[in-house]
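In: below is the sequence, then the predicted model.
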Amino acid sequence: MEEWATLQANDAITISLVPPQSFPPGSSARTFHPAMTYQLFEGESIYGYKNLTVDIKFRQDDMSPSLSVKYDEKLSAAGSSTDTANEARVDEVEPILRALLPEDTPSKLDLSDTNFAPPGEQVNSYFHKGTKYQIYRANLSDPKARDLVHRTQILVLFFIEAGSIIDISEAWLQKRWDVFLLYETLPNDKLSFVGLCTIHKPWYFSPEAEKASATHTNGETDGSIDKSTQFVDTIKQGTSFSRSYRARISQFIILPPYQRQGHAKELYNSIITTYLPDSDVKEITVEDPSDRFEDLRDIADYYRLKKAGLVTPDIIETLLQRDAKARLWVDTQRQVVKMPRRQFMRIVEMLMYEIILCHDEEEERKEQLAKFAIYVKDRLYRHNKDILMQLERNERSDKLNETYDNVRDDYGRLLRKIGSPAADRVPELATSDQKDQKVISGKRSQRDISTIEEEEDEEDEDEDVEELQPPSKKKRTV
């Protein structure tokens with residue numbers, strides 16, 4: 001009886017970073033496996049082969065790939081003779097993988113010297129354990145940068161949850177993408193690829209511009225105007241229009257041999273530092289961040305705002321008033337640091353929580369913690385008003401309090417993680433892992449009346465949200 005093993009795709013596929021001939025003596029290949037393959041193979045399994053080995057190799061400098069698929073036997077398309085129901089289909093491994101690699105990908109890697117130099121310009125460098133690392137920025141209108149990104153797109157499906165390959169098929173699309181490339185500097189100044197981040201640059205239209213686009217020259221508003229037609233006509237007529245855009249972090253990869261060494265933090269901070277001085281960049285956002293990336297981002301942004309001295313005891317007093325002056329401070333400072341509203345408020349609230357916990361006077365600390373709770377609940381109430389109003393008053397209060405507890409506990413978890421001086425005063429978490437209860441932007445559970453959210457879609461935030469009366473001013477409904 002024929003037996004055809006079903007292999008685990010993650011184990012069957014081996015990825016290697018191979019040093020070219022010009023690399024220093026003693027350089028060796030770095031080998032690892034995909035973290036996930038479910039987008040390529042159902043159930044992350046491969047059927048129809050005996051002794052299957054799949055080797056995807058990349059040069060360590062320019063990431064040129066090779067693909068080798070070997071096996072002792074392969075089932076025919078008709079399947080196994082023991083599979084009378086014809087339920088199992090042979091996975092066509094090589095065509096599936098080749099479709100994600102450049103068309104000219106060979107089966108054997110060319111390791112000859114190519115005098116490789118990274119595309120773009122160097123924007124930062126740093127040292128880790130005595131080794132220098134360099135970060136370059138390039139636009140994908142540069143063919144060299146575009147080719148390098150194309151070679152590495154298969155890694156997106158292997159290492160980014162729900163990752164997708166970017167569309168850079170047309171010239172105008174290519175201009176809307178930047179890439180940041182991270183390299184390790186070797187003793188002979190050769191560069192070994194560590195990771196990359198692609199940045200999408202969609203146009204940014206402020207609420208004021210949206211209102212203006214729907215207004216005739218006589219000042220009257222007409223809701224029937226086709227905005228897309230207006231935009232095309234503007235370009236055809238050569239009329240100037242805003243060049244403002246968001247810098248949206250899309251794909252962020254540090255390869256496994258370099259993970260958990262601080263390189264992701266350095267790459268993220270370099271991206272922020274590069275875009276902050278650019279007057280055309282209005283916000284720096286992240287597309288569907290994972291839990292791990294959320295932590296990386298929260299901690300990096302915490303240190304950035306703390307170093308800037310953005311939140312002080314006096315500012316806390318202003319914010320806790322929840323009046324026009326507090327709202328003006330939020331709007332002004334958020335634009336300066338170019339953070340989306342939800343992320344900015346998270347970091348500001350974490351800094352507020354830390355400072356309040358550090359108060360020496362216990363009574364003052366308790367009083368401010370009570371005001372802080374109302375401040376955070378106010379934000380949560382505004383974001384979830386439509387859902388909350390469907391609940392009975394008591395249930396509404398319970399849901400809001402539960403969400404606040406989760407948010408506060410997550411701030412406490414992060415303060416412990418970074419070794420904050422306030423960590424000793426952070427209350428114990430209600431559960432073993434409150435992070436699991438957090439809804440990640442873009443990957444939420446269904447919005448129903450039993451679920452209210454701390455998160456918001458970063459680029460769908462309404463800058464002109466009608467100011468609602470907070471719960472504390474509506475007969476204490478929470």
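Out: Everything's here; your move.
In: can you give me the strands in the stretch 1-150 of the chain?
Out: The residue ranges that make up the strands of the stretch 1-150 of the chain, judged by DSSP state E, counting those that start in this stretch, are 6-8, 13-18, 30-32, 45-47, 49-50, 53-59, 65-70, 73-74, 121-128, 131-139.
In: between those, which one is nearest to Tyr411?
Out: For the strands of the stretch 1-150 of the chain, distance to Tyr411 was read as C-beta to C-beta. The smallest value, 28.4 Å, belongs to strand 121-128. For every residue, glycine as well, the C-beta is placed using N, CA and C.
In: give the rounded mean pLDDT of the closest one.
Out: What strand 121-128 shows for mean pLDDT is 98.
In: and stretch 388-408, which residues are buried?
Out: Within stretch 388-408, the residues that qualify as buried by neighbour count (16 or more other C-beta atoms under 10 Å) are Leu388, Leu391, Arg396, Ser397, Lys399, Leu400, Thr403, Tyr404, Asp405, Asn406, Val407, Arg408.
In: hmm, back to that, now the strands of the stretch 1-150 of the chain in CSV, with distance to Arg425?
Out: Listed next are the strands of the stretch 1-150 of the chain as CSV, based on distance: least, C-beta to C-beta, whole Å:
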stretch, distance to Arg425
strand 6-8, 46
strand 13-18, 45
strand 30-32, 41
strand 45-47, 49
strand 49-50, 58
strand 53-59, 48
strand 65-70, 52
strand 73-74, 63
strand 121-128, 33
strand 131-139, 37
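In: burial of Leu191, as a residue count?
Out: 21 (other C-beta atoms under 10 Å).
In: any idea which element the spatially most central residue of the chain lies in?
Out: By C-alpha atoms, centre = their mean, the mean C-alpha position of the chain lies nearest to Pro289, the distance being 3.6 Å. Per DSSP states H and E, Pro289 falls between elements, in no helix or strand.
In: with Cys197 instead?
Out: strand 191-200.
In: against which helices or strands is that strand packed?
Out: Under the contact criterion of 3 or more C-beta pairs under 8 Å, 6 or more residues apart in numbering; DSSP states H and E, strand 191-200 touches helix 143-159, strand 177-185, strand 245-254, helix 263-275.
In: let me know the angle separating the last one from strand 245-254.
Out: Right, helix 263-275. Helix 263-275 and strand 245-254 meet at an angle of 160 degrees, taking axes from the mean of the first three to the mean of the last three C-alpha atoms, to 10 degrees as the criterion.
In: ok, the shortest one next?
Out: Following the same axes, to 10 degrees, one obtains 40 degrees for the angle between strand 177-185 and strand 245-254.
In: contacts only, for the nearest residue to Leu305 once chain neighbours are set aside.
Out: With sequence-adjacent residues excluded and distances taken as C-beta to C-beta, 6 or more residues apart in numbering, Leu305 is closest to Ile347, at 5.4 Å. With C-beta atoms under 8 Å, 6 or more residues apart in numbering as the criterion, the residues that contact Ile347 are Asp298, Asp301, Tyr302, Leu305, Met339.
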